[in-house]
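1. what's the 3D shape of this:
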Amino acid sequence: MTVDLELRGCPIDRRQLLDTLAAVLTGRRPDLPLHSVCFECKARGTPCVLVARGTPCLGPVTAAGGGALCPAYGRGCYGCFGPAATPNTPALTARLRELGMDETAIRRVFATFNVAAFQETS
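-> Here you go, the predicted model:
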C-alpha cells in the first residue's frame, strides 16, 4: 500500500488535519512544517528550556507541528511529532552530556518518539 501523506503527532494537530483535508479537497499541497520545534518556541516567545533552565528537551531534533506546547509550560519537548527532517542529534547529545546526563539517561530520552533520530556518538 502506498502512503501519500503522514500527519505526525500524538495526537495529531487539529489545524494540520483541517489544512490537509482542505488541501486535498482543493487540489493543493498541504502546508506541513519542515523545521524543528525550536522555531515554534521562538514564534511563541517561549524561552528555550534547554538553554535557560538546563531542562532536557528534544525540540532541536523534533519536527514542528504541535505549537511547542510542552516548552510553553516549562517542560522539555518529548518529541511526539517525530524526528525533524535533518536532526543534529550529535549536537543535542553533547549538550545533554554537558547537563550531566549519562549515556543511559540520554538513550532513555531518545527512546520515545524520536528513536529514529538517535545516532551513536563518541
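2. quick one: pLDDT of residue 93?
-> As predicted, residue 93 sits at a pLDDT of 94.
3. how many residues are close by it?
-> Residue 93 is flanked by 21 other residues according to other CB atoms under 10 Å. Yep, even glycine has a C-beta here, placed from its N, CA and C like the rest.
4. from residue 64, how far out is it?
-> 21 Å (CB to CB, to the nearest Å).
5. cool, and residue 34?
-> 8 Å.
6. how about the longest helix seen in the chain: buried residues?
-> For the chain, the longest helix by residue count, based on DSSP state H, is helix 14-26. Neighbour-count burial for helix 14-26 flags 16, 19-20 (criterion: 16 or more other CB atoms under 10 Å).
7. among those, which one sits closest to residue 104?
-> residue 16 (34.2 Å; CB to CB).
8. could I get the contacting residues of the residue most central in space within the chain?
-> Most central in the chain under CA atoms, centre = their mean is residue 62, positioned 2.1 Å from the mean C-alpha point. By CB atoms under 8 Å, 6 or more residues apart in numbering, residue 62 lies in contact with 36-37, 77, 79-84, 87, 113-114, 117.
9. farthest pair within those?
-> The most widely separated members of those, counting by CB to CB, are 80 and 87 (14.6 Å).
10. show the model's pLDDT score for the residue lying farthest from the centre of the chain.
-> Most distant from the centre of the chain: residue 26, at 28.6 Å, with distances by CA atoms, centre = their mean. If you check residue 26, the pLDDT there is 96.
11. any idea how far it lies from residue 100?
-> Counting by CB to CB, the gap from residue 26 to residue 100 is 51 Å.
12. surely residue 79 touches residue 65?
-> No. Using CB atoms under 8 Å, residue 79 is not in contact with residue 65; the gap is 11.5 Å.
13. please identify which of those two sits among more neighbours.
-> More crowded of residue 79 and residue 65, by other CB under 10 Å: residue 79, with 27 against 21.
14. and the more buried one, that's in a strand?
-> No. Using DSSP: H, G, I helix; E, B strand; the rest coil, the secondary structure at residue 79 is coil, not a strand.
15. give me the helices and strands touching the helix or strand of the chain with the lowest mean pLDDT, please.
-> When each helix and strand of the chain is scored by mean pLDDT, DSSP states H and E, helix 103-110 comes last, with a mean of 90. When contacts are defined as 3 or more CB pairs under 8 Å, 6 or more residues apart in numbering; DSSP states H and E, helix 103-110 packs onto helix 89-98.
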